[in-house]
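Participant: sequence first, then the predicted structure, then my questions.
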Amino acid sequence: SLPSCNSSCSVFRNIIRNNSNGGFDAYLSLYDYSPPLTTKVSMQIFNNLIHNNGYNGLEVRTRRDATMSASNNTIVNNEKNGFLGEGAVTLKNSIIYNNQNKDLNVTKSKVTYCNVDPDSISGCSNSFSTAPKFVNSGKGDFTLAAGSPAIDAGDPDQKYYDIYDKLTYPTPNPATTPALPPAKSTIRNDIGAYGGPHAGVIGFVQPTKDDPKTEYIREDVIGTY
């Protein structure tokens, strides 16, 4: 749980998994200060893998002028809601799939360019409900497999391009310029935690004494750029 009252922050490239309660819970609010705060509270959540938690995967509530934006996250296999959002919350370019209650439970939130279960697709724009196809989710590898519908399916705006070789391609073409790992295919945004301009190594997972069955996830499996 991460409360925030008078500052901005970013949460990125984390693996949040196997918690008995929720995965990530943030409450953002501008409380009453004297003199009043002159800056807005904001949070950016991007390129996180949130899976197999015992309650909501990602839960965010905003109040007053606080805002939250989440992009390129993979939120799957959580025991309640995948994403619970309330207030000025924007979610895009993310996979929210196969969560036990609902993938999305949102109030006044804007959801675009996401891969969600069919029961959560209503109210989302430019989104789809086809199974995302991971390389090996059973062993914790949630990179996109060949043929995944999430490849090159995110927001086409250039500010969301996947990483690429800017020296070789100074004038990139989203239809032909190849993306660098861990993204796949061309530079149009790959939906999920391994796409977008901030993609790269996410966390570092190895077996622990209390979780001995976890497969060892090497950096070169997650991504090396």
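Facilitator: Happy to help now that I have it.
Participant: what's the neighbour count on residue 57?
Facilitator: Residue 57 has 31 neighbours, counted by other Cβ atoms under 10 Å. For glycine as for every other residue, the C-beta is placed from the backbone atoms N, C-alpha and C.
Participant: and it, how far is that from residue 171?
Facilitator: Counting by Cβ to Cβ, to the nearest Å, the gap between residue 57 and residue 171 amounts to 38 Å.
Participant: now residue 135
Facilitator: Separation of residue 135 from residue 171 (Cβ to Cβ): 32 Å.
Participant: the two: which has the busier surroundings?
Facilitator: residue 135 (15 against 6).
Participant: quick one: distance of the helix or strand containing the more buried one to the chain centre.
Facilitator: Assigned by DSSP states H and E, residue 135 belongs to strand 134-136. Strand 134-136 has its C-alpha centroid displaced from the chain centroid by 17 Å (Cα atoms, centre = their mean, to the nearest Å).
Participant: cool, and stretch 187-206?
Facilitator: On Cα atoms, centre = their mean, the centre of stretch 187-206 falls 9 Å from that of its chain.
Participant: then it to PDB, C-alphas only?
Facilitator: Only the C-alpha atoms of stretch 187-206 are listed here, as PDB (Å, rounded to 0.1, in the frame of the first residue of the first chain):
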ATOM      1  CA  ILE A 187       7.800  -0.200 -32.900                       C
ATOM      2  CA  ARG A 188       4.100   0.400 -32.500                       C
ATOM      3  CA  ASN A 189       3.400  -0.100 -28.800                       C
ATOM      4  CA  ASP A 190       3.100  -3.700 -27.600                       C
ATOM      5  CA  ILE A 191       0.400  -4.000 -25.000                       C
ATOM      6  CA  GLY A 192       1.600  -5.300 -21.700                       C
ATOM      7  CA  ALA A 193       4.600  -5.000 -19.400                       C
ATOM      8  CA  TYR A 194       7.200  -5.600 -22.100                       C
ATOM      9  CA  GLY A 195       6.200  -2.900 -24.500                       C
ATOM     10  CA  GLY A 196       6.400   0.900 -24.700                       C
ATOM     11  CA  PRO A 197       9.200   3.400 -24.400                       C
ATOM     12  CA  HIS A 198      10.200   2.300 -20.900                       C
ATOM     13  CA  ALA A 199      10.300  -1.400 -21.400                       C
ATOM     14  CA  GLY A 200      13.300  -3.400 -20.100                       C
ATOM     15  CA  VAL A 201      14.400  -5.800 -17.400                       C
ATOM     16  CA  ILE A 202      11.500  -6.200 -14.900                       C
ATOM     17  CA  GLY A 203      12.400  -7.300 -11.400                       C
ATOM     18  CA  PHE A 204      14.600 -10.300 -10.800                       C
ATOM     19  CA  VAL A 205      13.000 -13.500  -9.600                       C
ATOM     20  CA  GLN A 206      14.600 -16.600  -8.100                       C
END
